[in-house]
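Visitor: Show me the folded form of this:
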Amino acid sequence: MFVSTQQRITFGNVHYYVDMVFYNKILKSYVLIELKTIKLMPEAVGQLNMYLNYYAAEVNDEGDNPPIGLILCTDKGNVDMQYALGGLSNNIFASKYITYMPNKEELISQVEAVLARDSN
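Guide: Purely as a prediction, here's the structure:
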């Protein structure tokens, strides 16, 4: 369920903005998404971790599960990010995104391949 874009969080007089906020009714969990137009940097992981801690303490209702963080970036690297993401108690995931949409036939083919793989 869509909640908001550019959701403001304020600490003291400093404002931060979560790029996108969703609520997953099945998981009973907020999903916070950060969009990065550059390679994933460790600072982004710390920023999202701060947002997740805030949501867990200040926004979650009784019965909600811990929030989940997702960072979408142009490149996530490997070795350095395993150290940046390792050991965190919050659920933070990083994924590379593409800047183009495949044509209709390619998209259908990719979806059918995933469905065929998952049915086996």
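
Visitor: any weak-confidence spans in this protein?
Guide: Where the chain drops to pLDDT under 70, the residues are 76-101, 118-120.

Visitor: again, 80 this time
Guide: In the predicted model, the chain carries pLDDT under 80 at residues 38-42, 73-103, 107, 111, 114, 117-120.

Visitor: how about the strands of it, start to end?
Guide: 2-11, 14-24, 29-35, 68-73, 91-96 (DSSP state E).

Visitor: To Y54, which of those lies closest?
Guide: strand 2-11 (5.5 Å; Cβ to Cβ). Every C-beta, even on glycine, is put in place using the N, C-alpha and C of the backbone.

Visitor: With only the CA atoms kept, save the longest helix seen in the chain in CSV.
Guide: If each helix of the chain is counted by residues according to DSSP state H, the longest one is helix 104-119. Output in CSV follows, covering the C-alpha atoms of helix 104-119 (Å, rounded to 0.1, in the frame of the first residue of the first chain):
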residue,chain,number,x,y,z
LYS,A,104,6.7,-5.5,-24.4
GLU,A,105,7.9,-8.8,-25.8
GLU,A,106,11.1,-8.8,-23.7
LEU,A,107,9.1,-8.1,-20.6
ILE,A,108,6.6,-10.9,-21.3
SER,A,109,9.4,-13.3,-21.9
GLN,A,110,11.2,-12.4,-18.7
VAL,A,111,7.9,-12.7,-16.6
GLU,A,112,7.2,-16.1,-18.2
ALA,A,113,10.7,-17.3,-17.5
VAL,A,114,10.4,-16.4,-13.8
LEU,A,115,6.9,-18.0,-13.6
ALA,A,116,8.2,-21.2,-15.2
ARG,A,117,11.3,-21.3,-12.9
ASP,A,118,9.1,-20.8,-9.8
SER,A,119,6.6,-23.5,-10.8
